[in-house]
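Peer 1: Here you go, sequence then predicted model.
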Amino acid sequence: MTPKTHTEKEITRLSTSLAPIPSKVHAWAEKTVFLKWGVLSRGKFYCLECNHSWKPDYANEACTKFIKCTACAGKLKMQDCNRVYFKEIEYSAVLDVYAGYQVVRIICSHKHMKKNCLPSYFHKEVMQHWINAQGEVRSMSISTNMFSHTYDQWQYSSSLEIRPKNFQNSPKYRINPYRVFPNKKVLPVLKRNGFKTGFYNIAPRRSKPVLKTTTKLKILKHGKIIFPCFTGSKKTSVVPLLSALTISMRLMIG
């Protein structure tokens, strides 16, 4: 989409000057967002994390949901079927502050695995959510394959583009990152309203009530939010589309 308004042009310009996602974030994602996998093939266990293989002791071992690798001691989740290649896709996020905006940068990470090989990884920043001090959100994302059966079939060769306001109705907008990078940068207004460091099962975006209220918000760690200024409003209703997604609040106060 071609930016038309002043805000769209400003966000597009600022996005191009954002620093690339550092390699330490990718290294953190490879260690924290993925499971460790194993597979049983032709009477042998294969660790898809360290490429070790061993024959099971049938008197003590069984092909259960999880098994421990005898080399790296990792807790491996067993693949339900045997094939040549295995793949896992997960999302993570980085919270940044840039030019007065709270920026939520969404990263899609791929883990490619094969028996007797170490896993390989691919990372791509696929979305950015720009939130101003008034709580207004505008998003950028790369393109997706139009005729795909999945809504997040990204075209990784495409560039980030500004999206219209109704992008908030898209399932891509509701993608919930599995992990948030620990080194968080947040707007001062969020710290004023009670934000510390904790996220409890809610995605970090669409923080309009947090930014607008002047009263500190209370939150329970099991995911219930108490809005002193918004109780009973439609802005605090919960969307049952995905677990842990709310319609107006994505930043947790921990």
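Peer 2: That came through, no problem. Numbering: from 1, shown residues only.
Peer 1: For the rest of this, base every contact and every neighbour count on C-alpha atoms.
Peer 2: Fine.
Peer 1: Give the next helix or strand downstream of the helix or strand containing Arg13.
Peer 2: Using DSSP states H and E, Arg13 maps to helix 6-17. Using DSSP H and E, the next helix or strand after helix 6-17 towards the C-terminus is helix 23-32.
Peer 1: buried set for the helix holding Arg13?
Peer 2: Glu8, Ile11, Thr12, Ser15 (16 or more other C-alpha atoms under 10 Å).
Peer 1: Which strands border the strand or helix carrying Ser92, and is each parallel or antiparallel?
Peer 2: Here Ser92 sits within strand 85-98, counting by DSSP H and E. Strand 85-98 sits in its sheet next to strand 101-114 (antiparallel), strand 179-180 (parallel), going by DSSP bridges.
Peer 1: For Leu160, list the residues it contacts.
Peer 2: Contact partners of Leu160, counting by C-alpha atoms under 8 Å, 6 or more residues apart in numbering, are Val126, Met127, Met140, Ser141, Ile142, Ser143.
Peer 1: Show me the helices in the protein, by range?
Peer 2: 6-17, 23-32, 188-192, 208-212 (DSSP state H).
Peer 1: Same list, the strands paired with strand 85-98, but as a markdown table with mean pLDDT and mean neighbour count please.
Peer 2: Listed next are the strands paired with strand 85-98 as a markdown table, based on pLDDT from 0 to 100; neighbours: other C-alpha atoms under 10 Å:
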| stretch | mean pLDDT | mean neighbour count |
| --- | --- | --- |
| strand 101-114 | 95 | 22 |
| strand 179-180 | 90 | 20 |
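Peer 1: Quick check on the residue positioned nearest the centre of the chain: phi, psi?
Peer 2: For the chain, the residue nearest the mean C-alpha position is Pro177 (1.8 Å; C-alpha atoms, centre = their mean). For Pro177, the backbone dihedrals (degrees, to the nearest 10) come out as phi -60, psi 140.
Peer 1: Need the residues that contact the helix holding Arg13.
Peer 2: By C-alpha under 8 Å, 6+ apart, the residues outside helix 6-17 that reach it are Pro3, Ala99, Trp130, Arg138, Glu161, Ile162.
Peer 1: Buried only: go through those for me.
Peer 2: Using 16+ other C-alpha under 10 Å, the buried ones in these are Pro3, Trp130, Arg138, Glu161, Ile162.
Peer 1: follow-up on the earlier one: reformat the contacts of Leu160 into JSON lines and put neighbour count, distance to Val33 and pLDDT next to each item.
Peer 2: Output for the contacts of Leu160, formatted as JSON lines (neighbours: other C-alpha atoms under 10 Å; distance: C-alpha to C-alpha, whole Å; pLDDT from 0 to 100):
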{"residue": "Val126", "neighbour count": "24", "distance to Val33": "16", "pLDDT": "96"}
{"residue": "Met127", "neighbour count": "23", "distance to Val33": "18", "pLDDT": "95"}
{"residue": "Met140", "neighbour count": "24", "distance to Val33": "23", "pLDDT": "95"}
{"residue": "Ser141", "neighbour count": "22", "distance to Val33": "21", "pLDDT": "96"}
{"residue": "Ile142", "neighbour count": "19", "distance to Val33": "22", "pLDDT": "96"}
{"residue": "Ser143", "neighbour count": "18", "distance to Val33": "24", "pLDDT": "94"}
